[in-house]
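Trainee: Pasting the sequence and the predicted coordinates here, then a few questions.
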Amino acid sequence: MTNPLSRLVVGWLAALAAVLVLLPAASAAAVRGPQDEEYLRMAHQGNLAEIASGRAAQEKASSEDVRMMAEQLVTDHTKLDKDLKKVAEQLDVSLPDEPDPQMAAELRKVSELSGQAFDAAWVDMQIKGHEKTLRLGQDEQSAGTEAAVKQLAVDAAPVIEKHLRMMQELHRTMSPGNAPTG
C-alpha cells in the first residue's frame, strides 16, 4: 500500500513531466519579438507611402510608362498591405495610420515637380524605396521570430524585386539620350 504523500509526489512529477513535454511545442510557435513588430510597422508605412506615391504619379506623370507603373504599385502594395494588416491584427500589433514622415516629406518634394522632372525624381525615389524595403524584408527573414511575419517578408520579396527591376529599367529608358515613352 502506498502512502498518500508518495501518491501526491508521483502526481506532481507526472504533471511536471507533462508540462515539460509541452514546453518545446509552445516555444516552437515562436512569440513575436521586437523585430517582427518593427517589420510590421515599417512595412505597413512603406505600403502606405507606395500607395500614396502611386496615386500621385497616376495624376502627375507625363509618361504613360510611369503612370502604368504607378498603377501596378497601387495594386500590389494594396494587396501586400491587406495581408500585412491581417497578420498584425492576429498578433495584436497596432499599426500607424500614416506613412513614415520622412517618406511623406520626400513624396511632397517630388510632387512639387512636373513633367519629365517629376517622372525622373519619382522613379529615383521608387528605386531607393524598394531597395530599402528589400533590406527590411531580409532583416525580418534573418532575425524575425514569428513565422507568420517572416512569411509576409518572404511573400513580399518577389513583388518588391519585380518593382525594383521595373523601376531600374524605367530609369534606363529615361536617361539622357533615351526619350521616355508615352
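Mentor: Looks like it came in fine.
Trainee: could you pull out the helices for the protein?
Mentor: Secondary structure of the chain, counting by DSSP state H: helices at 4-28, 34-60, 64-90, 101-111, 115-143, 147-174.
Trainee: For stretch 147-155, give me every contacting residue.
Mentor: 29-30, 32, 36, 39-40, 43, 80, 83-84, 87, 90-91, 136-138, 140-141, 144 (CB atoms under 8 Å, 6 or more residues apart in numbering). Glycine gets a C-beta too; all of them are placed from N, C-alpha and C.
Trainee: let's see it at 7 Å
Mentor: The contact list for stretch 147-155 (CB atoms under 7 Å, 6 or more residues apart in numbering) reads 30, 32, 36, 39-40, 83-84, 87, 137, 140-141, 144.
Trainee: Now do the same contact list for Leu95.
Mentor: Leu95 touches 40-41, 44, 85, 88, counting by CB under 7 Å, 6+ apart.
Trainee: Low-confidence ranges, this protein, go.
Mentor: 1-5, 8-30, 176-182 (pLDDT under 70).
Trainee: In space, what's closest to the residue positioned nearest the centre of the chain - neighbours in sequence excluded?
Mentor: Compute the mean C-alpha point of the chain, and by CA atoms, centre = their mean the closest residue is Ala43, 3.1 Å away. Closest residue in space to Ala43, ignoring its immediate chain neighbours: Leu84 at 5.8 Å, by CB to CB, 6 or more residues apart in numbering.
Trainee: number of nearby residues for that neighbour?
Mentor: By other CB atoms under 10 Å, 25 other residues sit near Leu84.
Trainee: Just list the residues touching it, thanks.
Mentor: Per CB under 7 Å, 6+ apart, neighbours of Leu84: 40, 43-44, 47, 152.
Trainee: domain assignment for the protein?
Mentor: Residue ranges for each domain of the chain read 1-30, 31-174, as given by automatic domain parsing.
Trainee: I appreciate the help and will end here.
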